[in-house]
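Novice: structure of the sequence below:
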Amino acid sequence: MKNLIIILIFIHVLFLFPFLKPGIPLSHDGDGHIARIGAYYKAFQDGQMPPRWAGDLNFRFGTPVFIFNYQLPYYAATMFHLIGLNLEDSFKLVLGVSFVLCGVGFFLWLSQLVRKEAAFFGAMLFGLAPYHFLNVFVRGAFGETVGLAIVPFIFWQIEKIRNKNKILDVFIAGIMYGLLILAHNGTALMFSPVILLYCLFRMKNKYNLMSFFVFFLIGIFVSSYFWLPAIVESRYVNSTSAFGDMYRQHFPPFLYLIYSMWGFGPDVNAQNGLSPQIGIILFIFIIIAIIHFFRDRERFVGFWLLIFFAAIFFTTSLSDVFWSKIVPLRFLEFPWRFTALSSLSGAVVGSYVMSKTKNKKIIYYLSILLLIAGFFYTKTDVQNKRDDKYYYSFLGSTVYRRATTTIWTGGDPFSVPENKISVISGSGQLNNLKIKSNRHSFSIDAETNVRVLDNTFYFPGWKAEIDGKKVPVEFQDMNHRGLITFSVPKGVHSIEVIFKESAIRLFADMVSLFSIIAIFLFFVFRFCFSFVRKR
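Specialist: As a prediction, this is how the structure comes out:
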């Protein structure tokens, strides 16, 4: 089994050869994600724990992007950047490791259900699915790639809980589920119902049910510092109106799911647009599996065929009525994202089909065919190499269609403010200005009562203090919509404008912190107990 895992790792690494070139392939979101890594790193250095506010993005007006967008991929890349890798290499390393882990996790899961050779083939079928290449080399889908790497490990843990029902596996499954939520909003939203259904489908007894319930709770509690503020504070940004009925532009024709030309554009229906294909090979296995199902009535295959066709349904315009009525679906933005689910479910079915094959040579020949087919998806667009300075000075918001623009502004800015802090009424002199992502400090010698403007978009958590005492903040001045303004009395004063956790964020932080401490203590006590028993 170890040898097969090593071979899987080697095969997946082979397909990452475009990352050996300097820079990154030109992709839809790559530049924006790397700029966010830089912003996350700065916030981390400035003492934001966890990072919430990207102070230099959005033309230096700042954005609450890390309150609403997943954090795990940026945290991982920040750790690599801390040890000396540049921002582009940190981005590529996280993407590359995630790409490899997709196949490894799938193999560990399916090897508990089918014989090793069939699980190996299924791991290649999933790990080398066209959608993974689309995410890595065309879209630069940072969080989604990380999320899809975690999903098979959760299913693996579910099988371990089902078979052994050990408390250790319950905690590991809970941590994995929490990491999925932190890895990518959309992937967690898409796969959570499937994970729940799979738990119910595989449940053997009431003890399994209790264990599954506990691991869901662990994941929810551990990740609450992210999802709870994101839900509660979404009313302060344009997240709902940002997407609207955009999904209707991204329903691909059914035939595109079987095969479509490999393009690099963002519009699935345009010439040279991205390809949402699942692949001809996988569809052949689906047809064979349907024949097997009607012959053998295998419940496991029936379950995953049902998931597969549900995913196909939500990918196409047949599901328009559901997209229009179910608001959370619209946060997925693109219906073709369900290709991730159909790729996984199809690979599970493919593993089952191969498990019925007695001739191992067929598995080897088909594996070689997958290898050859995979290299057609490693095409990249123009390769760009930029130094860290470029990304640290990035001016965009990195957010699609103003999804994290605060509701009090007149819209996103288009230029950097001339001064970060300025006096907009009265007479006074600013001195000793120091700017961090979450703290702006300066002194003022005010000859009269003055009004100060901080060219930062207001969001709950921003506070102003004069000589250590909190003062009211205004953010609805018609001349400076959504920006922080406050009054300062005549005299010499020390001023700080600080971004702190709001009440809901602080509560969520405490829930996550206590959950993590409880898990840590569990592992410590378990280790000590095991050590004492051995002695």
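Novice: so what's Gln476 up against?
Specialist: Gln476 sits next to Trp408, Gly482 when contact means CB atoms under 8 Å, 6 or more residues apart in numbering. (Glycine included, C-beta is placed from N, CA and C.)
Novice: how far away is Tyr75 from Gly186?
Specialist: 18 Å (CB to CB, to the nearest Å).
Novice: what does Leu366 give?
Specialist: According to CB to CB, Leu366 and Gly186 sit 31 Å apart.
Novice: Ile286 contacts Tyr352, correct?
Specialist: No. Checked against CB atoms under 8 Å, the pair Ile286 and Tyr352 is beyond contact range at 11.0 Å.
Novice: more neighbours: these two, which one.
Specialist: Neighbours per residue, other CB atoms under 10 Å: of Ile286 and Tyr352, the larger number sits with Tyr352, 25 against 20.
Novice: host element of that one?
Specialist: With elements taken from DSSP states H and E, the one containing Tyr352 is helix 339-355.
Novice: Asn479 should be in a helix, yeah?
Specialist: No. Asn479 is assigned coil when assessed by DSSP: H, G, I helix; E, B strand; the rest coil, not a helix.
Novice: that one: neighbour count?
Specialist: So Asn479, with other CB under 10 Å, has 8 neighbours.
Novice: and if you look at Asn359?
Specialist: Residues near Asn359, counting by other CB under 10 Å: 8.
Novice: list the contacts of it.
Specialist: By CB under 8 Å, 6+ apart, the contact list for Asn359 is empty.
Novice: how close does it sit to Tyr365?
Specialist: 9 Å.
Novice: again, but for Tyr400
Specialist: Taking CB to CB, one finds Tyr400 at 43 Å from Tyr365.
Novice: so between those two, which is more surrounded?
Specialist: Using other CB under 10 Å, the more surrounded residue of Tyr400 and Tyr365 is Tyr400, with 14 against 10.
Novice: doesn't Glu333 make contact with that one?
Specialist: Yes. Using CB under 8 Å, Tyr400 makes contact with Glu333 at a distance of 7.3 Å.
Novice: for the nearest residue to Arg439 once chain neighbours are set aside, which three-state class applies?
Specialist: Nearest non-adjacent residue to Arg439, counting by CB to CB, 6 or more residues apart in numbering: Ile498, 5.2 Å away. Per three-state DSSP, the local secondary structure of Ile498 is strand.
Novice: verify the contact between Ile498 and Asn438 for me.
Specialist: Yes. Using CB under 8 Å, Ile498 is in contact with Asn438, at 6.7 Å.
Novice: compare those two (neighbour count), which wins?
Specialist: Asn438 (20 against 15).
Novice: that one and Phe283: what is the separation?
Specialist: Remark: distance between Asn438 and Phe283 (CB to CB) = 50 Å.
Novice: residues near Tyr40, how many?
Specialist: Residues contacting Tyr40 under the criterion other CB under 10 Å number 24.
Novice: Asp320 now?
Specialist: For Asp320, using other CB under 10 Å, the count is 14.
Novice: got it, and Glu117?
Specialist: When counting by other CB under 10 Å, one arrives at 19 neighbours for Glu117.
Novice: same question for the one 4 residues further on.
Specialist: Phe121 has 27 neighbouring residues, counting by other CB under 10 Å.
Novice: list the buried residues for the helix or strand harbouring it?
Specialist: Assessed by DSSP H and E, Phe121 sits inside helix 116-127. Using 16 or more other CB atoms under 10 Å as the test for burial, helix 116-127 gives Glu117, Ala118, Ala119, Phe120, Phe121, Gly122, Ala123, Met124, Leu125, Phe126, Gly127.
Novice: can I get those in TSV with distance to Leu257?
Specialist: Listed next are the buried residues of helix 116-127 as TSV, based on distance: CB to CB, whole Å:
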residue	distance to Leu257
Glu117	28
Ala118	24
Ala119	25
Phe120	25
Phe121	21
Gly122	19
Ala123	22
Met124	20
Leu125	16
Phe126	16
Gly127	19
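Novice: reformat the residues you listed as TSV; add pLDDT.
Specialist: Formatted as TSV, those follow (pLDDT from 0 to 100):
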residue	pLDDT
Glu117	92
Ala118	93
Ala119	95
Phe120	95
Phe121	95
Gly122	96
Ala123	96
Met124	95
Leu125	96
Phe126	97
Gly127	96
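Novice: ok, so of those residues, who is nearest Glu159?
Specialist: Glu159 lies nearest to Ala119 out of these, by CB to CB, at 11.7 Å.
Novice: residues contacting Phe322?
Specialist: Here Phe322 is in contact with Phe314, Leu329 (CB under 8 Å, 6+ apart).
Novice: any idea how far Glu298 is from it?
Specialist: 29 Å.
Novice: then Phe507?
Specialist: Noted for Phe507: a distance of 47 Å to Glu298, by CB to CB.
Novice: got it, and His81?
Specialist: To Glu298, His81 is 48 Å away according to CB to CB.
Novice: try Leu370
Specialist: Leu370 sits 24 Å away from Glu298 when distances are taken as CB to CB.
Novice: confidence score at the residue lying farthest from the centre of the chain?
Specialist: The C-alpha centroid of the chain is most remote from Glu447, which lies 50.3 Å away (CA atoms, centre = their mean). Looking at Glu447, its pLDDT reads 94.
Novice: wait, what's in contact with it?
Specialist: Glu447 neighbours (CB under 8 Å, 6+ apart): Gly426, Ser427, Gly428, Lys490.
Novice: tell me which residue is most central in the protein.
Specialist: His184 (2.2 Å).
Novice: surely that one touches Tyr70?
Specialist: Yes. Using CB under 8 Å, His184 is in contact with Tyr70, at 5.0 Å.
Novice: any common contacting residues for those two?
Specialist: Here His184 and Tyr70 have Gly143, Gly147 as joint contacts, going by CB under 8 Å, 6+ apart.
Novice: how about Phe121, what does it touch?
Specialist: Each residue near Phe121 by CB under 8 Å, 6+ apart is listed here: Gly350, Ser351, Met354, Ile363, Leu366, Ser367, Leu370.
Novice: so what's the residue count around the third one?
Specialist: Burial of Met354, expressed as a neighbour count using other CB under 10 Å, amounts to 24.
Novice: pLDDT score assigned to it?
Specialist: Model confidence at Met354, expressed as pLDDT, equals 92.
Novice: quick one: contacts for it?
Specialist: Per CB under 8 Å, 6+ apart, neighbours of Met354: Val114, Glu117, Ala118, Phe121, Gly122, Ile362, Ile363, Leu366.
Novice: and it, how close does it get to Tyr131?
Specialist: With CB to CB as the criterion, Met354 and Tyr131 are 20 Å apart.
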